[in-house]
Structure formats: C-alpha cells, structure tokens
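Visitor: What follows is a predicted protein model with its sequence.
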Amino acid sequence: MYSLKTAFSSLGRNAVMTVASIVTIACCLFLFGVFLLFAFNINYIGEQISSQCELQAFIDDAATPADEERILKEISALPNVKSAEFESKEQAFENYKAQLGMEYSESFEGMSGSDILRSSVKIVPDDLTLVKQTELAAKSVRGVARVVNREDIILKVVSATDIIKFGSLIAMLILLITAVFIIQNTIKLSVHAREEEIHIMKFVGATDGFIRRPFVLEGVIVGVIGASIAIVIIAFGYNMAVGGVTEFLDVFKLYSFSQLALPVSGGLMLFGIIMGSLGSRSAIRRHLKV
Amino acid sequence: MIEFRDVTVIYDNDIIGLENVSFKIEKGEFVFLVGKTGAGKSSAIKLLTGEIKPYAGDVIVNGITVNTLKNKKLPYLRRSVGVVFQDFRLLPNKTVYENVAFAMEVVRARKKDIRRKVPTILSLVGLSGRAKNYPNELSGGEQQRVCIARALVNSPAIVIADEPTGNLDAETADEIMKLLMEINRMGTTIVMVTHSEKIVNDARRRVIQLESGVVVRDEMEGGYALDVLA
C-alpha cells in the first residue's frame, strides 16, 4: 500500500515527464506491435506460398490402377509428407485446359489426357528444408518415373521470410532497448527528487526491496499505460490497414486482429511490464549502495 | 555492546582512516568521540552503521560482527542503531509527526504501533505541540529534537550522534545535551562525536580521542582540552 501510494504521488509530482515517457513508450510499443504483426503475417504468407510449392511424383505409364493406389499409399507413408494427393491423367488434362483458357480449347479437340499426360501424386512436405530427402524417397518408390521438385522456389521463400523475420526481430530489440532507456531516465528524475528520503530510509533500516518497490511500481505503471495505449491504437488501426492491403494483395490471406489479439496484446503488455521493471531497477541501483 | 578489535580502515586512495584501533563500549555508556578533522571519527561512525567495512580487525555491534555481515542483513543492524545528524536531514514535505512516523513505516511497523509510539517520543523530546508543523517552521534546536525523535522511535539499543550540536547556539546545544543525557539515563548507549570543548568538559563522561587514525586517549570522566589542543 505504501509503495503504491508513493508510486502514484511520484508520478503526479513529475507529471510532464510521466506523460512524455508514457507517450514515448506507447510509440515504441506501437512500432513493436507493428513489427510483430508484420512478422506474424510474413510467416503466414510464407506458409501459404510453401503449401503451394509441392513436389510432384509422376507415375510410369505402365502402372495399373492397383499400382497407382499402392504408390499413393507408399508416398503418404514417407517421412516429411504432410499430405499426398493422386491426380489422374484426365484430371491433369482438365486442369491443364482450364489453365490455358477457353481460347485454346479447340486445339485439344479429339485428345484425351491419357494421350499426352501422366498421372501423378502431388506431395506437400512438412519441413521445406528436408524437401530433397523427400524427393529421393519418392523417387525410390516402385512405379514412380520422375519427381519434379520446385526446391529453388521453396528455398527462396524460406530464406526471404527468414530474412524479414530476422530484420523485424532486430528492429523490435532496438525499440525495446530504447524504451528501457526512456523509463530509466524518468525514474532517475524521480530517484533524484527523493534522494534524501532514500538516504534516510537506508539509515533507519529499510530493506533494499522496500526502497526499490515504489520506483519499480512507478516504472511498471508507465509501461502498462504505454502498452495499453499502443494496444488500442493497433487494434483499431490493424483491421483498417489489412482491409486496404488485401484490396491490392488478394492472392494471400492475412490474419485478422482477433486471431492475433491474444499474442500481440499479451506480448505488448508483458514487454511494458518487463521494461518498466528493468528501467526502474537500473535507475535506482546506484542509490542503494549506502 | 560495541567492540573494535584491532580495526584498520584503508580507503581506495590508500588513505588510512583507522589503524589497529581497539576499544569496548558497554551497554548504557555515554561516550564522546573527539579528535581533529581527519582523525578517524567519521570512519568509526561509518563502521558502526555498516557504511564501510574494515580492512582488518573486527567490529561488533549488539553481538553482530559488522565486517562479515552480508549487505542483505545490513538493514537489521541499522534498526538497532539510531543516527542523529549534524544537519538534521528532515524531509521538508512531511510534518514533524510524519517525519518521525516515516522511520517506523519504512521498517514496516504496524499502524497501531505508529499511532501509539510517535506521540510518546514527541512528548519525550518536548515537541508534542509541534506535531503538525513542517521542518521549515521550526528552530534549529527543534529540528534537532525531531531528528533525535526519529532516531529513537524504533527503540535502538545504540544512538550515534554525529556532531548533533554543531549547527546550534550554545543555549540550544545545552538543551540538546540534556535531552541526550536523559535518553542515556533511560538505558540507551550513546556515542557522540563532537568538537565542543564545553560540552565534553561539562558532561564529564568517557572520552575516546583519536589522532591520525589511532586512539591516543580513552579516559573515564575525561575532559576535552587536555590532549586535543596539545
């Protein structure tokens, strides 16, 4: 109770600095949240691209329907295979025609799928980095003539999302360090204003924890208020921004805020509390050495 | 109650604060610590409050060996040692009552005990009628009384008074001395640092004199002038 009372009265005493640091923390955490949402969505888009990048195992022309069934079963049971789907010659032919469009339909008159295409098994791998091993395993299945692997595209997607995620992580780290520094300076002012009080507290036998607590609370309050503001802005801004982006980018799906509300809000709040606590602790450390 | 056993203090800049100092102060004694500036008085006081640790030797306060005491345990030593400062060190935004109550609040005393004890202590130091005043509304003597009340309120076994009359006129200094003597009569051990010849000579109590970090005199019912001026 003493700590809470002292923390609030101290925040009130340095009102201008308190407001300034809350706003700055809110800005830092807002940017942090934006990067977090960005990273989540990049990951999501990466997953969507990866799921489209599948292996295709073409089946020998001589294979019977029973062989095709066995091949599908054997491929499904291979390691790193998320799903495997059989595509008959006719289905492949229909898909091919649909891809080329109506204007070329005359060129295919009198032809059937069995004349020009092979049946195949489309494989979606679990781990994209192990796709080479999956390709070799599929090739060794009896009756498989050839396996087409779009490894180059897959690996490019993986490395691009990794780079973006790493960049976001660095940016988030810089923002967090900045926020700790800001809170630290606010609390330093507070500590400076109460230097004599701290000195007397030490001499009458107050424990370090007791002296530190109001300052840590003060930092945590600044962090929590800053995080709350950032969460509100992000919650309102995100869905609007997603609406705008998907108008141009309707190939990929993006997360809605409600899907990310818990990890993003929880993350921002947690970081607000941790930064407030860390900033305050480092601000008062020197003053406890009496 | 207090024991220094071959205590040596060396500061970071190699200046010697105390050198092989040994003395013992029994419970209920009133002891003056005298000596020129730089003689080692402050080092001795700092050892008693755990502000510094000796380079060699043992400092024992209330049965606690200060030199081996972990920093975490230091607050508990300080609760048994009240400190009275020359410059009072009162909190200007707190009333007399709040300044004294503050010392109990920070050691987590119960509110009921604070409400009972603070008025009793204020009455002991003669400030019952000034409880609601702020420090800047008090005279120097009154401010020092508040400082004494704050040092006493947690019932320490020892009170260390670091030149408590240094900022006061002779008449007020006498009043503060009478108060400290009264507190001592009630059983509290008092170690007082002073430069006042008159106070030491009038009181005729034990005098420990330090010179260049060494005890040069330890005399029961001693005077001030004898060696300090020599």
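Guide: Perfect, I can see it now.

Visitor: and chain A, which residues reach chain B?
Guide: Residues of chain A that fall close to chain B, judged by C-beta under 8 Å from any C-beta of the partner chain: A:2, A:196-197, A:199-208, A:210-211, A:290. For glycine as for every other residue, the C-beta is placed from the backbone atoms N, C-alpha and C.

Visitor: partner residues bridging B:Glu219?
Guide: Listed by DSSP bridges, the beta-bridge partners for B:Glu219 are B:Val207.

Visitor: So it sits against B:Arg206, correct?
Guide: Yes - B:Glu219 is within contact range of B:Arg206, at 6.9 Å (criterion: C-beta atoms under 8 Å).

Visitor: Rank the residues of chain A next to chain B by pLDDT and give me only the lowest.
Guide: Lowest-confidence member of the residues of chain A next to chain B: A:Val290, scoring 61 (pLDDT).

Visitor: where's stretch B:101-114 relative to the chain centroid, distance-wise?
Guide: 21 Å (C-alpha atoms, centre = their mean, to the nearest Å).

Visitor: what does that stretch contact?
Guide: Residues from elsewhere that reach stretch B:101-114 (C-beta atoms under 8 Å, 6 or more residues apart in numbering or on different chains): A:2, A:200-201, A:204-206, A:210-211, B:75, B:79, B:91, B:94, B:117-118, B:150-151, B:153-154.

Visitor: I'd like to know which of the residues of chain A next to chain B is nearest to A:Ser120.
Guide: Nearest to A:Ser120 among the residues of chain A next to chain B: A:Asp208, at 70.6 Å, using C-beta to C-beta.

Visitor: what residues are up against the closest one?
Guide: Counting by C-beta under 8 Å, 6+ apart, A:Asp208 makes contact with A:Leu288, B:Lys72, B:Pro75.

Visitor: And the buried ones among those, selectable in PyMOL?
Guide: One line in PyMOL is enough to select the buried ones among the contacts of A:Asp208; burial here means 16 or more other C-beta atoms under 10 Å in any protein chain shown:
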select buried, (chain A and resi 288) or (chain B and resi 75)
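
Visitor: In helices, which of the contacts of A:Asp208 appear?
Guide: Per DSSP state H, helices hold the following members of these: B:Pro75.

Visitor: Sort the contacts of A:Asp208 by pLDDT and name the bottom one.
Guide: A:Leu288 (79).

Visitor: That one reaches A:Ile211, doesn't it?
Guide: Yes - with contacts counted by C-beta under 8 Å, A:Leu288 reaches A:Ile211, the gap being 6.4 Å.

Visitor: Look up phi and psi at the residue nearest to the spatial centre of chain A.
Guide: Closest residue to the average C-alpha location of chain A: A:Phe40 at 2.5 Å, with C-alpha atoms, centre = their mean. When read as degrees, to the nearest 10, the backbone of A:Phe40 gives phi -60, psi -50.

Visitor: where does it land on pLDDT?
Guide: At A:Phe40, the model reports a pLDDT of 87.

Visitor: How about the contacts made by it?
Guide: Counting by C-beta under 8 Å, 6+ apart, A:Phe40 has contacts A:Tyr255, A:Leu260, A:Pro263, A:Val264.

Visitor: count of neighbours near the third one?
Guide: Close neighbours of A:Pro263, defined as other C-beta atoms under 10 Å in any protein chain shown, add up to 12.

Visitor: can you map out the strands along the stretch 101-250 of chain A?
Guide: Chain-ordered strands for the stretch 101-250 of chain A, with DSSP state E, counting those that start in this stretch as the definition, fall at A:120-125, A:144-148.

Visitor: residues from chain B in reach of chain A?
Guide: Proximity of chain B to chain A, by C-beta under 8 Å from any C-beta, involves residues B:49, B:51, B:72, B:75-79, B:82-83, B:89, B:91, B:102-103, B:105-108, B:150, B:154.

Visitor: more neighbours, B:Glu219 and B:Arg206?
Guide: Each of B:Glu219 and B:Arg206 had its neighbours counted (other C-beta under 10 Å), and the higher figure belongs to B:Arg206 (19 against 14).

Visitor: So that one sits against B:Met220, correct?
Guide: Yes - using C-beta under 8 Å, B:Arg206 is in contact with B:Met220, at 5.2 Å.

Visitor: where do the helices sit along chain A?
Guide: Across chain A, reading from the start of the chain, the helices by DSSP H fall at A:2-13, A:15-52, A:65-76, A:89-100, A:113-116, A:131-139, A:151-193, A:195-203, A:208-248, A:257-284.

Visitor: Mind picking out the helix or strand in chain A with the poorest mean pLDDT?
Guide: Taking mean pLDDT, DSSP states H and E as the measure, helix A:113-116 is the helix or strand of chain A with the lowest mean score, a mean of 64.

Visitor: After the longest helix along chain B, which helix or strand is next?
Guide: For chain B, the helix reaching the highest residue count under DSSP H is reported as helix B:170-185. Following the chain from helix B:170-185 toward its C-terminal end, the next helix or strand by DSSP states H and E is strand B:189-193.

Visitor: Extract the CA atoms of the next helix or strand after that next one and return them as PDB.
Guide: As assigned by DSSP H and E, the chain's next helix or strand after strand B:189-193 is helix B:197-203. Output for helix B:197-203, consisting of C-alpha atoms alone and laid out as PDB, is shown next (Å, rounded to 0.1, in the frame of the first residue of the first chain):
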ATOM      1  CA  GLU B 197      35.100  21.600  24.400                       C
ATOM      2  CA  LYS B 198      32.400  23.000  26.700                       C
ATOM      3  CA  ILE B 199      30.000  20.100  26.200                       C
ATOM      4  CA  VAL B 200      32.700  17.400  26.900                       C
ATOM      5  CA  ASN B 201      34.000  19.300  29.900                       C
ATOM      6  CA  ASP B 202      30.500  19.900  31.400                       C
ATOM      7  CA  ALA B 203      29.400  16.300  30.900                       C
END
